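J.: Attaching a predicted model along with its sequence, questions to come.
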Amino acid sequence: MSTIAWIALASLLSWLWLLLGQGFFWRTDQRLPRRSAPARWPSVAVVVPARDEAEVLPLSLPSLLAQDYPGPMEIILVDDGSEDGTGDVARALAVRYGGPPLTVVSPGTPEPGWTGKLWALRHGIGLARARGAGAGPWGDGGSEAEKRRQGDEERDGEGGEGGEGGKGGAGAGGPEYLLLTDADIAHEPDSLRELVAAATANGLDLVSQMARLRVVTGWERVVVPAFVYFFAQLYPFRRVNRAGARTAAAAGGCVLLRTEAAGRARVPEAIRQAVIDDVSLARAVQRAGGRIWLGLADRVDSIRPYPRLADLWRMVSRSAYAQLWHNPLLLVGTVAGLGVVYLAPPAALYAGLFAGDVAAGALGAAAWAVMAGTYVPMLRYYRQSLWQAFVLPFTASLYLCMTVDSAVRHHRGRGAAWKGRTYPRPRVAPER
């Protein structure tokens, strides 16, 4: 056989292994596990880190204010150095829509060694816990008007109790659960209730849902479903959800976390440098003996638009090299692997059709068919045309270029850049 035929054979064997031996990553049936209403609904603090999110908050925050959760609930929006009036927009929406008490707090500039989102989460979690010993949603209470006034009068700048309360990750009082959700995530009215019911019924310390990302523009159709597909390939949801599993992952847009488990895992302090904070969070909770679950969402949606390829490129490239632990050898291996697995099949089929290499053509066509078949369930989940399954090699080539660009940016000193901040390689190697 020719060289291209041997490469096509390697690709086909790789796809057969991925099909059957990688935790059935391609299936999309991992949804919230069985749910039952607890005898007593636990208290929940919703923590929303937000940096320059005034544009999307009117589409997302009302969905949190409209939650029909039966137990005690409050919302803490952490205004992470916004310059577009994010905090004011949040307060105005709370007045307009009502709902559970809303607190807006600004923690100030992140300390060295912290990424911005985790710095914001530190203060939001700390504030929720620190208020557990006194008046507020978890203490003696007070009227709804008093709670609302407390949120409106929360001082900007230092973060107050939120900073100190977050240092140890543990402490007396406070909510029993934390819902960590991004400012661009919209929830159906029963979202929180379903999350808590799943956590309590199954004894889970962390329940995370991969929000259904926005798919409207042409580039979103090409890139977004593949983003979730590749994530599931790296972290098969079935393996994550298996008792005693070593694979750990979460989706940062929607994470319900037991407060006691956060304390045992010392989060977010233990992962303060993490750029890929959701996976690092899940690993920390799992290492501390917590049970985790990850699946696709039916009631949680991302509303952030990525209309241009450049927008999607930034989303992927800002963390792609961090996913490889900033290791050049892993980068080379990843590029080679993507080439063999995703790009070789169409190249081999081309050789068969136009160069008369029958073996290469047959093997390439078979590998491409298996590849496309594994992508079909994700396209169905995103309600996309199934013919797009055959465009996956092109999409993979884009991701290959994004990964290389991520490494180049890091070595040029630009690291993981997001909303005006650049994060260098962590001083301490991430725990694996």
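T.: Structure received. Since the model is a prediction, treat every value here as computed from it, not as a measurement.
J.: if I look at the residue lying farthest from the centre of the chain, how far off is Ser2?
T.: Here the chain has its C-alpha centre computed as a mean, and the residue farthest from that point, by C-alpha atoms, centre = their mean, is Gly356 with 46.0 Å. For Gly356, the distance to Ser2 (C-beta to C-beta, to the nearest Å) stands at 10 Å. C-beta coordinates here come from the backbone N, C-alpha and C atoms, glycine included.
J.: host element of the residue farthest from the centre of the chain?
T.: Mapping Gly356 onto the secondary structure by DSSP states H and E places it in no helix or strand at all.
J.: gap between it and Ile4?
T.: If you measure Gly356 against Ile4 using C-beta to C-beta, the figure is 12 Å.
J.: same thing with Asp68?
T.: 59 Å.
J.: Comparing these two, which shows the higher neighbour count?
T.: Higher neighbour count among Asp68 and Ile4: Ile4, with 21 against 11, using other C-beta atoms under 10 Å.
J.: That one and Leu349 touch, don't they?
T.: No. The pair Ile4 and Leu349 fails to qualify as a contact (C-beta atoms under 8 Å) at a distance of 10.0 Å.
J.: residues shared between the contacts of those two?
T.: Jointly contacting Ile4 and Leu349 under the rule C-beta atoms under 8 Å, 6 or more residues apart in numbering are Ala360.
J.: max-length helix in the protein?
T.: When the chain is parsed with DSSP state H, its longest helix is helix 358-381.
J.: Give me the packing partners of it, helices and strands only.
T.: Where contact means 3 or more C-beta pairs under 8 Å, 6 or more residues apart in numbering; DSSP states H and E, helix 358-381 is packed against helix 3-21, helix 218-234, helix 344-354, helix 392-411.
J.: That helix: which residues count as buried?
T.: 359-368, 370-372, 374-375, 377-379, 381 (16 or more other C-beta atoms under 10 Å).
J.: mean confidence for it?
T.: Taken as a whole, helix 358-381 carries a mean pLDDT of 98.
J.: and if you look at stretch 256-269?
T.: Across stretch 256-269, the average pLDDT comes to 97.
J.: OK, contacts around the residue lying closest to Val222 once chain neighbours are set aside?
T.: The shortest distance from Val222 to any non-neighbouring residue, by C-beta to C-beta, 6 or more residues apart in numbering, is to Thr395 (5.6 Å). For Thr395, the contacting residues are 222-223, 226, taking C-beta under 8 Å, 6+ apart as the criterion.
J.: Please identify the one among the residues you listed that lies nearest to Ala50.
T.: Within the contacts of Thr395, proximity to Ala50 (C-beta to C-beta) peaks at Val223, which comes in at 24.6 Å.
J.: What sits closest to that closest one if chain neighbours are left out?
T.: Closest residue in space to Val223, ignoring its immediate chain neighbours: Leu312 at 4.6 Å, by C-beta to C-beta, 6+ apart.
J.: Near the one you found, how many other residues are there?
T.: 20.
J.: Tell me who's in contact with it.
T.: The contact partners of Leu312, taken as C-beta under 8 Å, 6+ apart, are 219-220, 223-224, 306.
J.: Next one: it from Glu111, what distance?
T.: With distances defined as C-beta to C-beta, the gap from Leu312 to Glu111 amounts to 31 Å.
J.: In contact with the nearest residue to Leu93 once chain neighbours are set aside, which residues?
T.: For Leu93, the nearest residue in space outside its immediate sequence neighbours is Leu61; the separation is 5.0 Å by C-beta to C-beta, 6+ apart. Leu61 makes contact with 48, 75, 77, 90, 93-94, 97, 183 under the criterion C-beta under 8 Å, 6+ apart.
J.: Thr181 too?
T.: So Thr181 contacts 46-48, 64, 187, 253-255 (C-beta under 8 Å, 6+ apart).
J.: Take those residues and lay them out in a markdown table including distance to Ile271.
T.: Converted to a markdown table, these look like this (distance: C-beta to C-beta, whole Å):
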| residue | distance to Ile271 |
| --- | --- |
| Val46 | 20 |
| Val47 | 15 |
| Val48 | 19 |
| Leu64 | 24 |
| His187 | 24 |
| Gly253 | 17 |
| Cys254 | 18 |
| Val255 | 12 |
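J.: Would you write a PyMOL line that selects the buried entries of those residues?
T.: For anyone working in PyMOL, the buried entries among the contacts of Thr181, judged by 16+ other C-beta under 10 Å, can be selected with:
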select buried, resi 46+47+48+64+187+253+254+255
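J.: could you give the angle of the one helix or strand Thr334 maps to to helix 392-411?
T.: Following DSSP H and E, one finds Thr334 within helix 328-338. Here helix 328-338 runs at 170 degrees with respect to helix 392-411, directions being taken by axes from the mean of the first three to the mean of the last three C-alpha atoms, to 10 degrees.
J.: and helix 328-338, which residues are buried?
T.: By neighbour count on 16+ other C-beta under 10 Å, the buried set for helix 328-338 is 331, 334, 338.
J.: Let me see the contact set for the residue lying closest to Asp190 once chain neighbours are set aside.
T.: Leaving out its chain neighbours, the residue that sits closest to Asp190 by C-beta to C-beta, 6+ apart is Asp68, at 6.1 Å. By C-beta under 8 Å, 6+ apart, the contact list for Asp68 reads 189-190, 193.
J.: out of these, which are buried?
T.: Burial of those was assessed by neighbour count (16+ other C-beta under 10 Å); the buried members are Arg193.
J.: Can I get the contacts of Asp68 in CSV including secondary structure and pLDDT?
T.: Output for the contacts of Asp68, formatted as CSV (DSSP: H, G, I helix; E, B strand; the rest coil; pLDDT from 0 to 100):
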residue, secondary structure, pLDDT
Pro189, coil, 98
Asp190, coil, 97
Arg193, helix, 98
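J.: Cool, thanks, talk later.
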